[in-house]
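Undergrad: After the sequence you'll find the predicted model.
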Amino acid sequence: GRTHRLMSDLVATTSAVPMRSSPFLSRVALTVRAGRPLLPANPLVTVQSEVVGGRTFVRLWFTTVGCSHDRQGHCTMCNYGRGQAVSADAVTGAVSEALRSLGTTGGTLLLSPSGSMFDDREVAPDLRRALWALARESAFDRILTESRAELVNESVVQEARSLLGDKELAIEIGLESSDP
């Protein structure tokens, strides 16, 4: 569809831009967030559902070790929390069960970790592939995920597209600030 063409055009015409962080803001973020407790190990998924524009919209967040940029103090605005190691099998099982329990037909599914879906340190490639397969088998026709911009590349987009079959894929990009 249209989104696939747009993503294909975008991937074909862009290259990764190195992200710079502010050492000062990193120190501030690390200081402000020092001592945060770990996110609870249970539940492994959090699900929120609502109707938007007459269509079902479900947010399904799954627990991970957390955003690697947050741990370095690079993110100063989203603060998803401090995660802990969780087995890929446990995450896959929890996401599978959550999708089964929804019983939704059509609509949009936001499938997201507590950080970036395309960060291999947070969501291992095998886990990511298993999650795409679960999304493909779900009743949702549109799959959203989120990631930091520098982690989105042709390879991960093509892999997601191939594993999602005819599902529409949309990727939300995190951006702290910009200075043209």
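TA: Thanks, I have the structure now.
Undergrad: Next SSE downstream of the helix or strand containing residue 133?
TA: Assessed by DSSP states H and E, residue 133 sits inside helix 125-137. Past helix 125-137, further along toward the C-terminus, the next helix or strand under DSSP H and E is strand 142-148.
Undergrad: residue boundaries of the strands in this structure?
TA: With DSSP state E as the criterion, the chain has strands at 45-52, 55-62, 108-112, 142-148, 168-174.
Undergrad: which helices and strands does the third one pack with?
TA: Using 3 or more C-beta pairs under 8 Å, 6 or more residues apart in numbering; DSSP states H and E, the elements in contact with strand 108-112 are strand 55-62, helix 125-137, strand 142-148. (C-beta placed from N, C-alpha, C; glycine too.)
Undergrad: ok, longest helix in this structure?
TA: Criterion DSSP state H: the longest helix present in the chain is helix 88-102.
Undergrad: who touches that helix?
TA: 43-45, 47, 49, 58, 60, 62-64, 109, 111, 124, 126-127, 130-131, 134-135, 137-139 (C-beta atoms under 8 Å, 6 or more residues apart in numbering).
Undergrad: if we can go back for a sec, how about a markdown table for the strands of the chain, with distance to residue 36 and mean neighbour count added?
TA: Listed next are the strands of the chain as a markdown table, based on distance: least, C-beta to C-beta, whole Å; neighbours: other C-beta atoms under 10 Å:
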| stretch | distance to residue 36 | mean neighbour count |
| --- | --- | --- |
| strand 45-52 | 18 | 12 |
| strand 55-62 | 17 | 19 |
| strand 108-112 | 20 | 22 |
| strand 142-148 | 20 | 20 |
| strand 168-174 | 19 | 16 |
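Undergrad: so can I have TSV of those strands showing distance to residue 88?
TA: Below are these laid out as TSV (distance: least, C-beta to C-beta, whole Å):
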stretch	distance to residue 88
strand 45-52	14
strand 55-62	11
strand 108-112	15
strand 142-148	17
strand 168-174	21
